[in-house]
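Colleague: This is a predicted model, with the sequence first.
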Amino acid sequence: ELGGPDLYFDPCAFSLPERGFFGNLGRNTVIGPGITTFDFSLIKNTSIREGTNLQFRAEFFNLGNNANFANPAGRRGGQQIFDSRANDRSGAARITRTVTSSRQIQFGLKLIF
């Protein structure tokens with residue numbers, strides 16, 4: 001399926017230019033997947049006595065647990081589809097990693113005096 005992690009774009013749509021010539025493909029023609037994350041925190045301050053406070057924190061990172069994929073890897077992890085000797089499309093357009101972590105939740109308790 002085109003647009004998924006196994007085949008983000010069609011590498012067969014590109015051809016290697018003749019030796020001694022530059023290609024005519026524009027810059028940033030293939031744009032990688034975007035990043036979506038939502039961070040949220042709750043803070044509760046409680047006064048224990050004069051000059052002493054207790055703070056409770058709950059922090060949520062990537063609350064929606066979105067999988068944010070990295071840019072598709074070209075040959076040997078780079079951003080190229082072909083090598084200098086032959087047309088080699090092995091592994092091009094495949095997304096093999098994510099760029100953000102999964103959902104993380106942390107709690108904290110702080111005594112301020």
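Modeller: Yep, it's here. Note that this is a predicted model, so its numbers are computed, not measured. Numbers count the residues shown, from 1 in each chain.
Colleague: hey, where'd the strands end up in this structure?
Modeller: With strands called from DSSP state E, the chain shows them at 40-49, 52-61, 104-112.
Colleague: Residue 18: which of these is closest?
Modeller: Residue 18 sits nearest to strand 52-61 of all the strands of the chain, at 49.6 Å, using C-beta to C-beta. In short, each C-beta sits where N, CA and C put it, glycine included.
Colleague: The closest one - contacts with which helices or strands?
Modeller: If contacts are counted by 3 or more C-beta pairs under 8 Å, 6 or more residues apart in numbering; DSSP states H and E, strand 52-61 sits against strand 40-49, strand 104-112.
Colleague: so who does the residue nearest the centre of the chain touch?
Modeller: The centroid of the chain falls nearest to residue 99 when counting by C-alpha atoms, centre = their mean (3.2 Å). Neighbour list for residue 99: 35, 68, 69, 70 [criterion: C-beta atoms under 8 Å, 6 or more residues apart in numbering].
Colleague: Could you check how far it is from residue 36?
Modeller: Here residue 99 is placed at a distance of 11 Å from residue 36 (C-beta to C-beta, to the nearest Å).
Colleague: list residues touching both of these two?
Modeller: residue 68.
Colleague: Distance of residue 51 relative to residue 111?
Modeller: Distance from residue 51 to residue 111, counting by C-beta to C-beta: 12 Å.
Colleague: Send me stretch 30-44 as CSV with only the CA atoms.
Modeller: The C-alpha coordinates for stretch 30-44 follow below in CSV (Å, rounded to 0.1, in the frame of the first residue of the first chain):
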residue,chain,number,x,y,z
VAL,A,30,8.9,13.9,-1.6
ILE,A,31,7.8,15.1,1.9
GLY,A,32,8.0,12.8,4.8
PRO,A,33,5.2,12.1,7.3
GLY,A,34,4.3,14.8,9.8
ILE,A,35,4.6,14.7,13.6
THR,A,36,1.5,14.9,15.9
THR,A,37,1.9,14.9,19.6
PHE,A,38,-0.2,16.3,22.5
ASP,A,39,1.4,17.0,25.9
PHE,A,40,-0.8,17.7,28.9
SER,A,41,-0.1,18.4,32.6
LEU,A,42,-2.2,18.9,35.8
ILE,A,43,-0.8,20.7,38.8
LYS,A,44,-2.4,21.0,42.2
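Colleague: This completes my enquiry, with thanks.
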